[in-house]
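K.L.:
Here's my sequence, what's the structure:
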Amino acid sequence: MSVLTDFGLEKLRTLAEQQHTAAPARQADEPPPDPRMLRTRAIKALWFGATMIAGFIWWELILAKLIGQARVAQGRMDRFVKLAHDFRNLAVELGGVWIKLGQFLSSRVDLLPPQVIAELSGLQDAVPPAPASAMLPVIERELGRPIEDIFEDFDPEPVAAASFGQAYLATLRTPSPNGQAMAKRVVVKVQRPHMRAIVDTDLRSLKTIAGWLKLYKPIRRRANVDALVKEFSEVVMQELDYEQEARNAQEFDRNFARDTGVRVPKVYAELTTRRVIVLKNVEDIKILDFEGLESAGVSRHEVANKLFDTYLRQVFEHGFFHADPHPGNLFVQPLDRATARAWKVPIGEGTPFRLTYVDFGMMGRIPPAFMQELREFIIAVSLKDARRWTAAAQRMGFFLPEADLSRVEQAVGALFDRFWGVAVNDISNVEFGEMYAFATQFRDLLSDLPFQIPQNVLYLGRAANILAGMLTALDPTFNPWKAIQPFANGIAGQTTGRTVQDVLNEGARLIRQTMQLPNQSEAFFSHALNGQLEVRAQLSPKSTEDLRRIEVSVSRLTWAVAFAALLVCGTLLTINAIGALGALCFALAAIAFVRLLLL
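P.N.:
From the prediction side, this is the model:
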């Protein structure tokens with residue numbers, strides 16, 4: 001680990017000093033953050049990053065050359081899991097950005113192995129609460145009034161404490177500016193003191209570590225590190241802006257304005273700033289409180305269907321979806337039948353209900369062009385059309401350039417044949433032998449893993465993963481295939497409708513191609529008769545990769561021979577008392593050895 005020693009703790013301290021001194025300007029009336037606290041956070045994060053990089057260099061560059069790739073690979077997964085475990089401990093200790101980074105990485109199934117994802121997926125954004133003496137002054141500074149002038153009562157014990165902020169229950173004292181009575185019981189979310197400076201320090205440390213990671217070729221080839229850090233940083237900064245959260249809630253509410261079965265708590269804009277947000281308290285049943293649902297007579301199957309339907313609409317109609325649908329952010333409001341009829345809420349077999357969404361800090365947005373491809377994607381699923389699915393996935397950027405699309409299509413077809421129409425719970429109970437047979441049949445795909453998750457659906461994948469767990473818990477027999485079909489049929493009807501201009505453009509294109517056929521045919525036969533017809537062949541991605549490996553192997557052999565020859569020459573020259581030339585040969589041998597390690 002000499003690399004880490006050479007890096008030096010002093011260098012880390014210098015970097016840490018740069019992280020916290022560049023923090024953004026704070027509010028004039030807020031006490032400054034403790035520089036030692038910011039510096040300590042940066043040192044701990046940078047030290048973890050340095051040890052991680054040193055481990056990569058030692059195992060993957062040095063030992064792999066000395067003892068062989070095969071022996072290094074034997075314990076690679078154990079090392080990755082230990083690294084994930086160490087990062088998890090660091091995240092729990094520091095909180096904030098690092099917990100959210102662990103949650104972010106746990107959604108990257110295209111980059112990390114399942115064992116690492118399992119280690120990170122348990123990270124919860126929950127930390128010990130800050131004392132009321134530190135939090136209440138933030139509310140008063142942000143709202144410009146004493147607590148007692150705003151609320152009739154304020155419970156100083158937080159109902160929730162996360163790394164960025166805390167939530168309190170309170171009762172409003174004042175009416176709204178328009179003179180109408182406000183709903184009394186509210187939730188007050190408050191950002192922790194100095195959070196902007198802490199987040200800025202953590203993000204700067206993360207960018208420094210990311211710069212180190214980019215030097216490691218396998219990571220650079222597999223992931224766009226800069227894009228990942230940029231995406232993560234934007235989401236984190238968005239979560240720090242409670243005014244943006246209020247706007248998100250209002251947009252979500254507008255999108256479901258015609259759906260009486262979906263509810264969004266009222267946000268009090270006049271009591272909302274970038275660091276404080278006040279909204280109506282939700283006293284409904286938590287979505288996974290099965291005892292509460294059953295005692296209210298609410299059908300869990302109907303709740304699962306409603307939840308799935310609302311997500312399909314968020315993704316495929318609105319292009320704006322809730323990216324953090326964990327059980328604490330979803331509630332069920334039971335209604336009596338008279339109220340349901342008055343509010344035009346659908347009535348099924350069980351007690352009528354409304355689905356309540358809360359916490360709109362983390363939202364995903366899908367561009368219109370990308371949403372069109374997503375629609376094509378879901379139509380392909382409903383039709384069990386593997387070719388159409390693969391084409392849509394390719395246009396969306398799910399495959400790396402070297403992916404063998406014909407093999408992907410075969411694998412997707414096999415999955416459709418086996419699992420289409422199967423309930424979620426039954427899929428998780430597939431026998432090991434069957435999965436092993438599939439893995440054997442498509443072992444080339446599974447070994448190369450030519451997949452990636454486009455940035456546009458990064459948080460959609462995370463939301464879908466959480467959603468699948470909730471749907472299975474609500475209704476183990478829930479069948480997403482049946483739920484998708486009517487929705488996909490409706491989308492297909494919208495997608496196939498073309499305007500007159502579309503038809504004219506398509507007709508003009510076909511006419512142009514038809515008119516070009518005679519000239520193209522004449523040119524083809526003319527070249528053939530004159531012996532000038534050329535046939536170009538392109539290597540498949542697999543063949544290109546094989547050639548690259550052969551080229552690397554030849555280069556390694558060349559440098560290995562050069563190293564051995566120079567080493568022998570240096571030894572012979574030294575023995576024969578020709579020290580200067582011997583030293584030169586040893587120096588050249590060292591250069592050859594370093595070059596060999598870097599291949």
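
K.L.:
I'd assumed Gln103 was in contact with Leu120.
P.N.:
Yes: Leu120 is within contact range of Gln103, at 7.5 Å (criterion: C-beta atoms under 8 Å). No exception for glycine: its C-beta is placed from N, CA and C like everyone else's.

K.L.:
Where do the strands of the stretch 101-250 of the chain begin and end?
P.N.:
Taking DSSP state E, counting those that start in this stretch to define them, one finds strands in the stretch 101-250 of the chain at 151-154, 160-161, 165-172, 185-191.

K.L.:
Please apply the same query to the stretch 301-450 of the chain.
P.N.:
For the stretch 301-450 of the chain, the strands defined by DSSP E, counting those that start in this stretch cover 320-322, 330-334, 353-357, 363-365.

K.L.:
And those strands: which comes nearest Ile484?
P.N.:
Set against Ile484 and scored by C-beta to C-beta, those come closest in strand 320-322, at 16.1 Å.

K.L.:
Which strands or helices does the helix or strand hosting Ala42 pack on?
P.N.:
Ala42 belongs to helix 35-56 when assigned by DSSP states H and E. Other elements packing on helix 35-56 under the criterion 3 or more C-beta pairs under 8 Å, 6 or more residues apart in numbering; DSSP states H and E are helix 2-7, helix 9-21, helix 76-94, helix 195-213.

K.L.:
Going by mean pLDDT, which of the ones you listed comes out lowest?
P.N.:
Confidence, taken as mean pLDDT, is least for helix 2-7 of the helices and strands packed on helix 35-56 (a mean of 42).

K.L.:
Output the strands of the stretch 301-450 of the chain in JSON lines, with mean neighbour count and distance to Pro486 appended to each entry.
P.N.:
As requested, the strands of the stretch 301-450 of the chain are arranged in JSON lines below (neighbours: other C-beta atoms under 10 Å; distance: least, C-beta to C-beta, whole Å):
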{"stretch": "strand 320-322", "mean neighbour count": "21", "distance to Pro486": "20"}
{"stretch": "strand 330-334", "mean neighbour count": "21", "distance to Pro486": "23"}
{"stretch": "strand 353-357", "mean neighbour count": "22", "distance to Pro486": "19"}
{"stretch": "strand 363-365", "mean neighbour count": "20", "distance to Pro486": "24"}
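
K.L.:
would you turn the ones you listed into JSON lines with distance to Pro156 and mean pLDDT?
P.N.:
Shown next, in JSON lines, are the strands of the stretch 301-450 of the chain (distance: least, C-beta to C-beta, whole Å; pLDDT from 0 to 100):
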{"stretch": "strand 320-322", "distance to Pro156": "30", "mean pLDDT": "95"}
{"stretch": "strand 330-334", "distance to Pro156": "25", "mean pLDDT": "97"}
{"stretch": "strand 353-357", "distance to Pro156": "26", "mean pLDDT": "97"}
{"stretch": "strand 363-365", "distance to Pro156": "31", "mean pLDDT": "89"}
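
K.L.:
Could you say which one of those strands comes nearest to Lys266?
P.N.:
Nearest of the strands of the stretch 301-450 of the chain to Lys266, taken as C-beta to C-beta: strand 353-357 at 11.7 Å.

K.L.:
Run through who's touching that closest one.
P.N.:
Here strand 353-357 makes contact (C-beta atoms under 8 Å, 6 or more residues apart in numbering) with 252, 260-265, 282, 284, 287, 296, 298, 302-303, 306-307, 310, 322, 325, 329-335, 345.

K.L.:
Recalculate using a threshold of 7 Å.
P.N.:
Outside strand 353-357, the residues within contact range by C-beta atoms under 7 Å, 6 or more residues apart in numbering are 252, 261-264, 282, 284, 298, 306-307, 310, 322, 329-335, 345.

K.L.:
all helices for the stretch 151-300 of the chain, in order.
P.N.:
195-213, 217-222, 225-239, 242-255, 290-296, 300-313 (DSSP state H, counting those that start in this stretch).

K.L.:
could I get the fourth one in CSV with only the CA atoms?
P.N.:
Right, the one you point to is helix 242-255. Written as CSV, here are the backbone C-alpha positions of helix 242-255 (Å, rounded to 0.1, in the frame of the first residue of the first chain):
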residue,chain,number,x,y,z
TYR,A,242,-38.0,23.1,-0.5
GLU,A,243,-39.5,25.7,-2.8
GLN,A,244,-38.8,23.3,-5.6
GLU,A,245,-40.4,20.5,-3.7
ALA,A,246,-43.5,22.7,-3.3
ARG,A,247,-43.6,23.3,-7.1
ASN,A,248,-43.2,19.6,-7.7
ALA,A,249,-46.1,18.8,-5.4
GLN,A,250,-48.3,21.4,-7.2
GLU,A,251,-47.4,20.0,-10.7
PHE,A,252,-48.1,16.4,-9.5
ASP,A,253,-51.4,17.5,-8.1
ARG,A,254,-52.3,19.2,-11.4
ASN,A,255,-51.4,16.1,-13.4
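
K.L.:
who does it touch, helix- and strand-wise?
P.N.:
For helix 242-255, the elements it packs on are strand 276-280, strand 320-322, judged by 3 or more C-beta pairs under 7 Å, 6 or more residues apart in numbering; DSSP states H and E.

K.L.:
Glu409 contacts Arg387, correct?
P.N.:
Yes: applying C-beta atoms under 7 Å, one finds Glu409 in contact with Arg387, separated by 5.6 Å.

K.L.:
From Ala583, how far out is Leu458?
P.N.:
55 Å (C-beta to C-beta, to the nearest Å).

K.L.:
What does the pLDDT read for Ala439?
P.N.:
In the predicted model, Ala439 carries a pLDDT score of 54.

K.L.:
do the same with Leu460
P.N.:
We have a pLDDT of 83 for Leu460.

K.L.:
How many residues are close by it?
P.N.:
Counted by other C-beta atoms under 10 Å, the residues lying close to Leu460 total 21.

K.L.:
tell me the domain boundaries of the protein?
P.N.:
Residue ranges for each domain of the chain read 2-24+33-126+199-216, 131-192+241-281, 286-494, 541-598, as given by automatic domain parsing.

K.L.:
Kindly reformat those as TSV containing distance to Ala223.
P.N.:
Converted to TSV, the domains of the chain look like this (distance: least, C-beta to C-beta, whole Å):
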stretch	distance to Ala223
domain 2-24+33-126+199-216	5
domain 131-192+241-281	25
domain 286-494	8
domain 541-598	18
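
K.L.:
and of those domains, who's closest to Ala227?
P.N.:
Nearest to Ala227 among the domains of the chain is domain 286-494 (6.3 Å), distances taken as C-beta to C-beta.

K.L.:
hang on, the earlier thing: can I get the helices and strands packed on helix 242-255 in JSON lines including distance to Arg196?
P.N.:
JSON lines is the format used below for these (distance: least, C-beta to C-beta, whole Å):
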{"stretch": "strand 276-280", "distance to Arg196": "14"}
{"stretch": "strand 320-322", "distance to Arg196": "25"}
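
K.L.:
That'll do, ta.
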